[in-house]
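> fold the following for me, if possible:
(one chain, ligands or ions: 2)
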Amino acid sequence: MWFQDLFPPNTCPINAKTNTFYGIMFDAGSTGTRIHIYTFVQKSPEILPELEGEIFESVKPGLSAYADEPEKGAESVKRLLDMAIDAVPPHLWKKTPVVLKATAGLRLLSEEKAQALLSEVKEVFEASPFLVPEDSVSIMDGSYEGILAWITVNFLTGQLSGQNQHTVGTLDLGGASTQITFLPRFEETLKESPRDFLTSFEMFNSTYQLYTHSYLGFGLKAARLATLGALNMEAADGQMFRSSCLPKQLEAEWHFGGVKYRYGGNKKDVPLWLIPSVFVLAGETGFKPCYLEVLKVVKGKLHQPDEIRGSSFYAFSYYYDRAADTNLIDYEQGGVLEVRDFERKAKEVCDNMERFSSASPFLCMDLTYITALLKEGFGFRDNTLLKLTKKVNNIETSWTLGATFHLLQSLGITY
Ligand SMILES: Nc1ncnc2c1ncn2[C@@H]1O[C@H](COP(=O)(O)OP(=O)(O)O)[C@@H](O)[C@H]1O
Ligand SMILES: [Ca+2]
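Residues are numbered from 1 along each chain as shown. Ligands and ions are numbered 1, 2, ... in the order given. Prediction:
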């Protein structure tokens with residue numbers, strides 16, 4: 001409201017009738033750290049509070065890039081937390097919980113390095129005026145990452161309230177891990193899935209038995225390394241990794257998870273043993289040889305539940321980014337695609353690499369990996385529909401909202 005700025009927050013007439021409160025959730029992802037400051041309004045004590053809005057900001061790189069200088073990592077968190085000081089009215093600071101959950105980037109670090117980062121962040125939180133719950137800084141279990149994103153999307157699309165719930169499955173493709181989550185409709189799925197892929201979760205007075213799994217090492221950036229044959233090679237410095245998915249003449253360096261990698265295209269004069277796939281010849285580039293290389297990263301590595309073949313899914317993070325980068329969808333609006341659209345675009349980019357050379361040199365590899373992951377990894381059909389969204393009703397489709405509901409519930413603040 002225009003007049004809110006004229007009053008101190010606790011005397012503003014609009015706040016006198018309603019009760020506003022906040023929740024601060026940090027997403028410490030492998031490629032960046034993000035803060036989500038959610039505002040809720042409790043209009044009357046009898047009804048559930050409403051989500052009113054979100055303030056969002058992000059920084060790069062992610063915490064794991066500071067593996068050897070944890071204080072610097074914590075500083076990046078502090079800069080974001082300073083935003084919350086401005087966003088939350090001072091009289092609510094003490095009641096506003098702040099939590100950080102790290103995902104695959106920290107899961108891949110050594111226990112010691114990860115803990116050093118987490119404890120520096122904890123110090124930043126303790127020095128802040130906010131409510132710091134127990135366990136406020138942690139590495140999130142992969143299955144929660146999927147469940148909480150599913151909660152977010154289905155809450156924002158209105159599927160978690162009322163009788164007729166038509167929930168939709170979610171696909172998240174991060175830098176280091178990837179998640180698939182859905183509510184099984186067929187008994188078969190419950191019977192045939194590995195036990196640890198099924199989890200009961202309580203939210204808004206309902207219990208959901210969900211299928212969810214997080215595949216560590218199958219995020220887009222980890223998959224690049226796996227395709228190059230460089231994953232988990234800490235001492236990769238100096239060695240050159242080549243691929244038919246890269247522009248032929250390319251030779252460059254790349255930093256990920258605190259390690260430097262050298263990578264390049266598949267030149268004609270490269271000895272065969274330097275090319276990762278036995279099916280690929282020296283000098284070959286393009287979609288076909290690239291698909292063969294990528295295939296060995298995913299084939300037979302993922303569980304394929306039958307019932308997802310014909311359903312549609314919400315997809316975000318790198319699915320969204322790469323679709324937007326190649327004009328498959330509008331960057332702001334998102335859109336609906338079929339799995340085969342990714343394949344069509346992968347062919348177009350890989351078979352015309354010179355034309356796309358101004359974009360990322362990994363564009364061909366990324367699109368080919370997404371295609372292989374969807375088709376050969378999860379077993380989706382060519383015509384499976386993917387709804388790509390970044391925001392629903394102006395709120396980010398991130399696991400952080402689900403995590404904030406869960407947090408508020410556990411603190412007895414609401415829900
Ligand atoms: N607020 C956000 N909501 C949803 N996706 C996001 C958000 N911020 C970043 N992403 C996407 O997440 C992807 C990077 O994944 P990241 O979270 O860093 O890795 P991981 O999940 O493996 O730890 C990128 O595609 C990026 O666009
Ligand atoms: Ca993520």
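
> drop to CA atoms for contacts and neighbour counts, all remaining ones
Fine.

> who in the stretch 151-300 of the chain is up against ligand 1?
174-177, 219 (Cα under 6 Å from any ligand atom).

> can you redo these as JSON lines with neighbour count?
Formatted as JSON lines, those follow (neighbours: other Cα atoms under 10 Å):
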{"residue": "Gly174", "neighbour count": "25"}
{"residue": "Gly175", "neighbour count": "25"}
{"residue": "Ala176", "neighbour count": "26"}
{"residue": "Ser177", "neighbour count": "25"}
{"residue": "Gly219", "neighbour count": "23"}
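
> sort out which one of the residues you listed lies nearest Ser143 for me.
Ser177 (11.3 Å; Cα to Cα).

> so what's the spatially closest residue to that closest one that is not a sequence neighbour up against?
The spatial neighbour of Ser177 that comes closest, neighbours along the chain excluded (Cα to Cα, 6 or more residues apart in numbering), is Gly219 at 3.8 Å. Residues near Gly219 by Cα atoms under 8 Å, 6 or more residues apart in numbering: 173-178.

> Gly23 and Val98 touch, don't they?
Yes. Between Gly23 and Val98 there is a contact under Cα atoms under 8 Å: 6.6 Å.

> shared neighbours of these two, anything?
By Cα under 8 Å, 6+ apart, no residue touches both Gly23 and Val98.

> quick one, which of those two is more surrounded?
Remark: of Gly23 and Val98, Val98 carries more neighbours, 28 against 24, as counted by other Cα atoms under 10 Å.

> what about the nearest residue to the more buried one once chain neighbours are set aside, helix or strand, and which?
Of all residues not flanking Val98 in the chain, Ile24 sits nearest, at 4.7 Å (Cα to Cα, 6+ apart). In the assignment (DSSP states H and E), Ile24 maps to strand 19-28.

> tell me the buried residues in whichever helix or strand Ile85 is part of?
Per DSSP H and E: Ile85 is located in helix 70-87. By neighbour count with 16 or more other Cα atoms under 10 Å, helix 70-87 contains the buried residues 70-74, 76-78, 80-81, 84.

> ok, back up a step: mind pulling up the pLDDT for the residue nearest to Ser177?
At Gly219, the model reports a pLDDT of 97.

> ditto for the one 4 residues further on
Ala223 is assigned a predicted lDDT (pLDDT) of 97.

> and it, how many neighbours does it have?
For Ala223, using other Cα under 10 Å, the count is 25.

> for it, give me its contacts.
With contact set as Cα under 8 Å, 6+ apart, Ala223 has these partners: 176, 217, 297, 369.

> got those residues as JSON lines, with secondary structure columns?
Shown next, in JSON lines, are the contacts of Ala223 (DSSP: H, G, I helix; E, B strand; the rest coil):
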{"residue": "Ala176", "secondary structure": "coil"}
{"residue": "Gly217", "secondary structure": "coil"}
{"residue": "Val297", "secondary structure": "helix"}
{"residue": "Tyr369", "secondary structure": "helix"}
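
> who wins on neighbours among these?
Counting neighbours by other Cα under 10 Å, Tyr369 leads those with 31 neighbours.

> quick check: it touching Val294?
Yes. Using Cα under 8 Å, Tyr369 is in contact with Val294, at 5.9 Å.

> ok so, going back, okay, the contacts of Gly219 in JSON lines with pLDDT next?
JSON lines is the format used below for the contacts of Gly219 (pLDDT from 0 to 100):
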{"residue": "Leu173", "pLDDT": "98"}
{"residue": "Gly174", "pLDDT": "97"}
{"residue": "Gly175", "pLDDT": "95"}
{"residue": "Ala176", "pLDDT": "93"}
{"residue": "Ser177", "pLDDT": "96"}
{"residue": "Thr178", "pLDDT": "98"}
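
> among those residues, which are in strands?
When DSSP state E is applied, the contacts of Gly219 are split such that 173, 177-178 fall in strands.

> ok, the residues you listed vs ligand 1, which is closest?
Comparing those against ligand 1 with Cα to the nearest ligand atom places Ser177 closest, at 4.3 Å.

> now that closest one: how far from Arg340?
23 Å (Cα to Cα, to the nearest Å).

> picking that back up, next secondary structure after the strand holding Ile24?
Immediately after strand 19-28, counting by DSSP H and E, sits strand 33-42.

> is that following strand up against ligand 1 anywhere?
No. Strand 33-42 stays clear of ligand 1 (Cα under 6 Å from any ligand atom), getting no nearer than 6.5 Å.

> same check on stretch 368-385?
No. Stretch 368-385 lies apart from ligand 1 when judged by Cα under 6 Å from any ligand atom; the minimum separation is 12.2 Å.

> mean confidence for the helix holding Ile85?
Here the average pLDDT along helix 70-87 is 98.
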